[in-house]
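**Student:** my questions are about this predicted structure, shown below with the sequence.
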Amino acid sequence: MDAIENQQSEIGNLKEALPLSLLNDYLYCHRRAALKVVEGWRSANQHTARGDIVHEHADLRGYEITKGVKLLRALPVFSDRLGLNGKCDIVEVEAASTSNLKSQISDLKLGGFAALRPVEFKVGKRRQWENDDAQLCAQALCLEEMFQTTIPRGAVFHADSKRRREIEFTPELRALTERTIANLHALLGQSEISNFKSEIPPLPAAEYREACEDCSLYEICLPKATGVDSRVERLARELFQI
């Protein structure tokens, strides 16, 4: 069993599952993810409000059929192997036959589909972001485990430009996604995987970037005041220096 298989086995034994959306937070900023899941901070700004509006329709559970494809909205998904749960905005189901289009979700496990594709809705114009791709790939990994299938690709729909971006779940993207999941478990102290131990402390130090000011936790994090190179940090080191 190689290192990744050991990692997957350890994660599968964890009691508490991580929310899928946390992968996006972690790849955007390690500290943001820690503030949310370790300290329980939540906040909103114009970007999160717009995101809520974009997801308003996709968050209504149900399905519709269009152009021979069944669209499942707000489908709950999980992975015992990876210790994940959450939901997919949309799962496109290509039925094996027209008669299977109106089949129940439970019938999917019987193989009544030709293909499954997760689709994630995002605010903003069409642009590739690593955190969005990994979040979508994690959804695919959950679906693959649930329905015993292989999902080669999915898509992100960008609301501002109303354009769809196709994403292939390459070996590299899958490895990044599973590595991120392992690091998240390590951040929570839930994983002791020898080959995948994260060096990230329980609450990573703030590091100011231009993107920080768009973060909904900016006023809580205060990266300019508490960052590793801030005056406050330097004074604190001098105060407690032995």
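**Tutor:** Alright, I've got the coordinates.
**Student:** pLDDT below threshold where in this structure?
**Tutor:** Where the chain drops to pLDDT under 70, the residues are 1-15, 39, 42-59, 96-112, 124-128, 190-202, 226-242.
**Student:** at 50 instead, please
**Tutor:** Applying pLDDT under 50 to the chain flags residues 1-15, 110, 190-201.
**Student:** which segments of it make up each domain?
**Tutor:** The chain breaks down into these domains under automatic domain parsing: 3-199, 205-242.
**Student:** and G40, helix, strand or coil?
**Tutor:** Using DSSP: H, G, I helix; E, B strand; the rest coil, the structure places G40 in coil.
**Student:** how about the strands in the protein?
**Tutor:** 18-19, 62-66, 69-79, 84-95, 113-122, 153-158, 163-168 (DSSP state E).
**Student:** out of these, flag the one nearest W41.
**Tutor:** Taking C-beta to C-beta, strand 18-19 is the member of the strands of the chain nearest to W41, at 14.6 Å. From N, CA and C alone the C-beta is placed, and that goes for glycine too.
**Student:** which elements pack onto the closest one?
**Tutor:** strand 84-95, helix 171-187 (3 or more C-beta pairs under 8 Å, 6 or more residues apart in numbering; DSSP states H and E).
**Student:** the strands of the chain: which one's closest to Y218?
**Tutor:** Of these, the one closest to Y218 (C-beta to C-beta) turns out to be strand 113-122, at 19.9 Å.
**Student:** what's the angle between that closest one and strand 153-158?
**Tutor:** Interaxial angle, strand 113-122 versus strand 153-158 (axes from the mean of the first three to the mean of the last three C-alpha atoms, to 10 degrees): 30 degrees.
**Student:** give the bridge partners for S79, please.
**Tutor:** Note on S79: beta-bridge partners L84, judged by DSSP bridges.
**Student:** one more: H158?
**Tutor:** K122, R163.
**Student:** tell me, how many residues neighbour it?
**Tutor:** 19 (other C-beta atoms under 10 Å).
**Student:** contacting residues for L35?
**Tutor:** 41, 203, 217, 220-221 (C-beta atoms under 8 Å, 6 or more residues apart in numbering).
**Student:** now rank the residues you listed by neighbours and give me the top one.
**Tutor:** C221 (23 neighbours).
**Student:** distance check, the closest residue to that one other than its chain neighbours against V37.
**Tutor:** Distance criterion C-beta to C-beta, 6 or more residues apart in numbering; nearest residue to C221, sequence neighbours excluded, is A206 at 5.6 Å. Distance, A206 to V37, using C-beta to C-beta, to the nearest Å: 17 Å.
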